[in-house]
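> Predicted model and sequence follow; I will ask about them next.
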Amino acid sequence: MYFDIHTHSTLSSNQVFTIQNRYPTSDDFSRPFSIGLHPWFLKKETAEIELSLLEEKLQHSKCFALGECGLDKAIETNFDFQKAIFIKQIHLSEKYQKPIIIHCVRAFQEIIEIKKVQKPSQPWIIHGFQKDKQLAFTLIENGFLLSFGAAVLESTKVQEAISAISIDKIFIETDNSEVSIQEIYQKISNIKKVPLEKLKEQIHINFKYIFTS
């Protein structure tokens with residue numbers, strides 16, 4: 001079995017367990033999903049209503065995680081407002097015992113600082129990691145897990161990052177790419193020089209430990 005912990009695709013396969021990304025205003029929660037307030041779509045006039053919808057959906061039997069949510073310095077949305085909504089979602093993650101899938105753009109230091117202050121019990125996963133191995137090491141040292149997607153197929157620095165870290169700290173995802181999860185698994189298997197079946201086995205262990213324990 002392959003595990004795709006973060007996808008925007010609605011395609012399904014009996015060979016792949018997927019966690020579909022959903023928004024509080026989505027209307028289909030029939031398959032395993034994560035749900036959060038993404039910083040790109042935050043609006044002050046709707047945030048509290050969406051937080052209420054989010055809290056309701058976190059109690060759904062098919063909800064596996066909170067997210068994606070996080071911080072993004074590449075957008076115009078007020079950064080303090082982003083942080084306030086992110087922290088409210090952290091509190092919901094703790095209340096309902098759900099891991100967080102994090103979107104982070106140019107705000108890694110702020111996310112690390114928030115984690116130190118909040119001291120969460122739930123796992124925090126940086127999704128779509130596309131940075132270098134130094135940042136990968138820093139994040140792992142601070143208790144984060146990393147999820148890799150299609151960038152690993154082309155980016156040398158991402159390949160170096162995944163080569164340098166232990167596979168018990170990683171997840172794999174397709175996000176919004178059209179690349180198959182099988183192709184990303186195979187590339188990571190080649191980079192890590194571990195058989196594909198062993199990689200699948202370890203990602204399955206990671207999944208069970210983080211999402212179902």
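Structure received. Residues are numbered from 1 along each chain as shown.

> What are the phi and psi values at the spatially closest residue to residue 179 that is not a sequence neighbour?
Excluding its sequence neighbours, the residue lying closest to residue 179 (Cβ to Cβ, 6 or more residues apart in numbering) is residue 150, at 4.3 Å. Where C-beta positions appear, they are placed from N, C-alpha and C, glycine not excepted. Phi and psi for residue 150, reported as degrees, to the nearest 10, are phi -60, psi -20.

> how many neighbours does residue 150 have?
A count of nearby residues for residue 150, using other Cβ atoms under 10 Å, gives 22.

> Relative to residue 203, how far out is it?
Using Cβ to Cβ, to the nearest Å, we find residue 150 at a distance of 16 Å from residue 203.

> What of residue 6?
From residue 6 to residue 203 the distance is 13 Å (Cβ to Cβ).

> Counting neighbours, go ahead and name the busier of the two.
The neighbour count for residue 6 versus residue 203, taken as other Cβ under 10 Å, is higher for residue 6 (25 against 22).

> a strand runs through the more buried one, doesn't it?
Yes - under DSSP: H, G, I helix; E, B strand; the rest coil, residue 6 sits within a strand.

> next structured bit after the biggest strand by length in the chain?
Counting residues, the longest strand found in the chain (DSSP state E) is strand 63-72. Downstream of strand 63-72, the first helix or strand assigned by DSSP states H and E is helix 79-96.

> how far is that next one from where the chain is centred?
On the basis of Cα atoms, centre = their mean, to the nearest Å, helix 79-96 sits 15 Å off its chain's mean C-alpha point.
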